[in-house]
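A.B. asks: pasting the sequence and the predicted coordinates here, then a few questions.
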2 protein chains.
Amino acid sequence: MDFIPEKSKFTPPEGLGTKVAVNEVLRFIEECMVASGASKPNAACLARVLVAADTRGHYSHGLQRLDLYVCEVKVNKSCDGEVQPILVKETDCTGLVDGRNGLGPVVSEYSMKLAITKAKNSGIGWVVARGSNHYGIAGYYSMKAVEEGLLGMSFTNACSGVAATRGKKGVVGTNPISVAAPGKGDDSFVLDMATSVVASGKVEVAEMKKESIPIGWGVDKNGEYTSSPWEVLHNEGWLSPLGGSELLSGHKGFGLGMMVEVFCGILSGGHYGQNIRDWRKTDREADVSHCFVAIDPQVFAPGFKDRMSGLMDQCRNLEPMDEGKPVLAAGDPERQHMSLVESQGGITYHINQIKQSWQLAQYLGVTPMTSV
Amino acid sequence: MDFIPEKSKFTPPEGLGTKVAVNEVLRFIEECMVASGASKPNAACLARVLVAADTRGHYSHGLQRLDLYVCEVKVNKSCDGEVQPILVKETDCTGLVDGRNGLGPVVSEYSMKLAITKAKNSGIGWVVARGSNHYGIAGYYSMKAVEEGLLGMSFTNACSGVAATRGKKGVVGTNPISVAAPGKGDDSFVLDMATSVVASGKVEVAEMKKESIPIGWGVDKNGEYTSSPWEVLHNEGWLSPLGGSELLSGHKGFGLGMMVEVFCGILSGGHYGQNIRDWRKTDREADVSHCFVAIDPQVFAPGFKDRMSGLMDQCRNLEPMDEGKPVLAAGDPERQHMSLVESQGGITYHINQIKQSWQLAQYLGVTPMTSV
């Protein structure tokens, strides 16, 4: 999937480094977005979210997605890089936001802040946004609540891409769920998951590496399981809902995707289900919806953080099937990756990612990333 | 699993009918619970929840579970059948309830009513209860909100029974999620699912029928998949989390079970994870926790019900893989079963269930159910 074919006319030099300091990636993304027409604060906001994804090891939602945003804002002008969202309607504990077709991270940071403020004042903040665009990793926003000692949630709809149980096609997208909660000290629970078996990014990575995918990840245009990434991505195939077949309760994954759509498009009045445009087309407004929730645990029983870490420690202390693979709690793999980035002094990208970023820099007239 | 072995000394007569009118099942459950020591209103409340399960086709959570409740209230006195829950703490949009070790449905009906009242006044009601017991089907409570035109949610923790990804054992139970929302007319979305591949009741049914279970439902004591219900249920086996293996993202199902525990035991201050006693032992207080949420869609965008049905109709109108198996929306299978019960003038039980209920009637000195 190449959003900006024109950049391919630039030939990257040999010997580009693959490890880049976090601040340098932030600088690069921000400058690319400003060069594309986004305001500086909006560009910085998008950069924070994409870099958080890479730092946490979710490379499919980081720098790799920059071309998509550049295409939407600069090439197709299907998304407004300068606009700010507005609050349409509210109560003490709820809010409805109109993203005015702005950048997803801009709409989302605004909405999550609102949810956090309401939770601090009322115990709960439940904010729904429409008129938005791709918002990056769901966990970025739920973790904003954790920084304030709150429980946070984040959901987004997406274009139809997950097969419906029993159906040849689908209705909802990979519609992710993120729930994050503070534990003791720096500990936290961070669930951040697509409601499909895997997100489309995982299939894209397999294709890039010329690998087959496990049976169970996706189906071809006839609804049959396939090991071919190409069949899933480019030949009218579909991702499978979490659970897989009906015998193994794939209808639950499908139902969870529907639940996320209820929290997003159905509550907000934005597009929903099949009405959302294909994300690979950026020719008209996406009108994506999100949902953000913040809850102050202190309005319930005292001692939340201790119990939260207690539950995660019960998991971590379980005897593993394989000695080399300890049992993890949600958020542990990402913490490990963040430690790695910190100890290495930067994020290590695939060389193809580095080359593509260099090409994008030429295309936009931005200083390419410098490696460490 | 026989909670009350003493009843087996009564020999059921031949020729018992298997179809019983809904009101007769309600009468029977209520009288059994009163005979066991529950107050009449509390017994009636429990009867409503169990009969709703059977009417909706979730037989594993209906009359079949009556022995468990009788055992808890009468035999072991580990649950108080007469007590009412109390509200410990509240804000305009939140509540913390102490179930005082009462019947799960009594605690839950009280808590969901509170959530509904708060949602009507404030937009959201988020109520957490501790000190409770088994509450039956999660969907019963979320649907209470739908009756009032609201979106409803219901979650409960349960004793540890689902294997942790990578672990030989587990931490959380089948911790179900229910989300229900009103559509147009009588239409509604009702997701009601355990976060394991299947609930333990499905494995019990397979055992009763002397059938094997599909690979993927559960593991034996070594953490290996097994097709033997006995290994899962009686030989230190475990249910598998939704998704199954790590390759197919079983850690997501495991994470969802953890999320439910966060909403229940971690928010409420009740028991959590491995601290919850085995549900087959009723020798001490369960201290189960639940979470109930009600949301008034009118505080967000107008037209919620139309969009809700619109999304479900997108599913229902998909071309099916198999002509005989149309694509369904969450709640459709249960609606079909309710129509069947209505058209047949009663609930049809397995003959073994009828015999066991007859034995329970003798044991408790209650008039047995009359078939239609």
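C.D. replies: Cool, the structure landed. Residues are numbered from 1 along each chain as shown, chains lettered A, B, ... in the order given.
A.B. asks: residues contacting the residue minimising distance to the centre of chain A?
C.D. replies: In chain A, the centroid-proximal residue (CA atoms, centre = their mean) is A:Ile137; its distance is 2.3 Å. Contact analysis of A:Ile137 by CB atoms under 8 Å, 6 or more residues apart in numbering or on different chains lists A:49, A:52-53, A:56, A:58, A:61, A:178, A:192. Glycine gets a C-beta too; all of them are placed from N, C-alpha and C.
A.B. asks: hmm, which helix or strand of chain A has the shakiest average pLDDT?
C.D. replies: Every helix and strand of chain A was ranked by mean pLDDT, DSSP states H and E. The lowest is helix A:200-208, at a mean of 84.
A.B. asks: buried residues in the longest helix seen in chain A, which are they?
C.D. replies: Assignment by DSSP state H gives helix A:104-122 as the longest helix of chain A. For helix A:104-122, the neighbour count (16 or more other CB atoms under 10 Å in any protein chain shown) marks A:104-116, A:118-119, A:122 as buried.
A.B. asks: ok, and of the residues you listed, which contact chain B?
C.D. replies: Near chain B, taking CB under 8 Å from any CB of the partner chain as the test, the members of the buried residues of helix A:104-122 found are A:Ser122.
A.B. asks: and which of the buried residues of helix A:104-122 is nearest A:Pro368?
C.D. replies: Nearest to A:Pro368, judged by CB to CB, of the buried residues of helix A:104-122 is A:Pro105 at 23.0 Å.
A.B. asks: how many neighbouring residues does the closest residue to the closest one other than its chain neighbours have?
C.D. replies: Spatial nearest neighbour of A:Pro105, chain neighbours left out: A:Val49 (4.2 Å); criterion: CB to CB, 6 or more residues apart in numbering or on different chains. Residues contacting A:Val49 under the criterion other CB atoms under 10 Å in any protein chain shown number 24.
A.B. asks: phi, psi of A:Val49?
C.D. replies: A:Val49 adopts backbone torsions of phi -70, psi -40, taken as degrees, to the nearest 10.
A.B. asks: show me the contacts for it.
C.D. replies: Going by CB under 8 Å, 6+ apart, A:Val49 touches A:105, A:108-109, A:135-137, A:140.
A.B. asks: closest to chain B out of these?
C.D. replies: Nearest to chain B among those is A:Ile137, at 15.0 Å by CB to the nearest CB.
A.B. asks: ok, A:Ser200 - contacts?
C.D. replies: Residues counted as contacts of A:Ser200 (CB under 8 Å, 6+ apart) are A:60, A:161, A:174, A:233, A:239.
A.B. asks: how near is the last one to chain B?
C.D. replies: Meaning A:Leu239. Using CB to the nearest CB, to the nearest Å, we find A:Leu239 at a distance of 11 Å from chain B.
A.B. asks: who in the stretch 101-250 of chain A is up against chain B?
C.D. replies: Residues of the stretch 101-250 of chain A lying close to chain B (CB under 8 Å from any CB) are A:122-124, A:126, A:128, A:130, A:151, A:164-171, A:177, A:179, A:181, A:189, A:191, A:193, A:197-198, A:214, A:216-217, A:223, A:242-244, A:247-249.
A.B. asks: need the buried ones from these selected in ChimeraX.
C.D. replies: Here is the ChimeraX command that picks out the buried ones among these, judged by 16+ other CB under 10 Å:
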select /A:122,123,124,126,128,130,151,164,165,166,167,168,169,170,171,177,179,181,189,191,193,197,198,216,217,223,242,243,244,248,249
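A.B. asks: if we can go back for a sec, reformat the contacts of A:Ile137 as TSV; add distance to A:Val203, pLDDT and secondary structure.
C.D. replies: Output for the contacts of A:Ile137, formatted as TSV (distance: CB to CB, whole Å; pLDDT from 0 to 100; DSSP: H, G, I helix; E, B strand; the rest coil):
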residue	distance to A:Val203	pLDDT	secondary structure
A:Val49	22	98	helix
A:Ala52	23	98	helix
A:Ala53	17	97	helix
A:Arg56	20	97	coil
A:His58	15	92	coil
A:His61	14	91	helix
A:Ser178	21	98	strand
A:Asp192	18	97	strand
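A.B. asks: by neighbours, which of those residues wins?
C.D. replies: Greatest neighbour count in the contacts of A:Ile137, by other CB under 10 Å, goes to A:Asp192: 26 neighbours.
A.B. asks: correct me if wrong: that residue contacts A:Ser142.
C.D. replies: Yes - A:Asp192 lies in contact with A:Ser142 (CB atoms under 8 Å); the separation is 7.3 Å.
A.B. asks: shared neighbours, the two?
C.D. replies: Common neighbours of A:Asp192 and A:Ser142 (criterion: CB under 8 Å, 6+ apart): A:178, A:180.
A.B. asks: what residues of the least confident helix or strand of chain A count as buried?
C.D. replies: For helix A:200-208, a neighbour-count test (16+ other CB under 10 Å) marks A:200-207 as buried.
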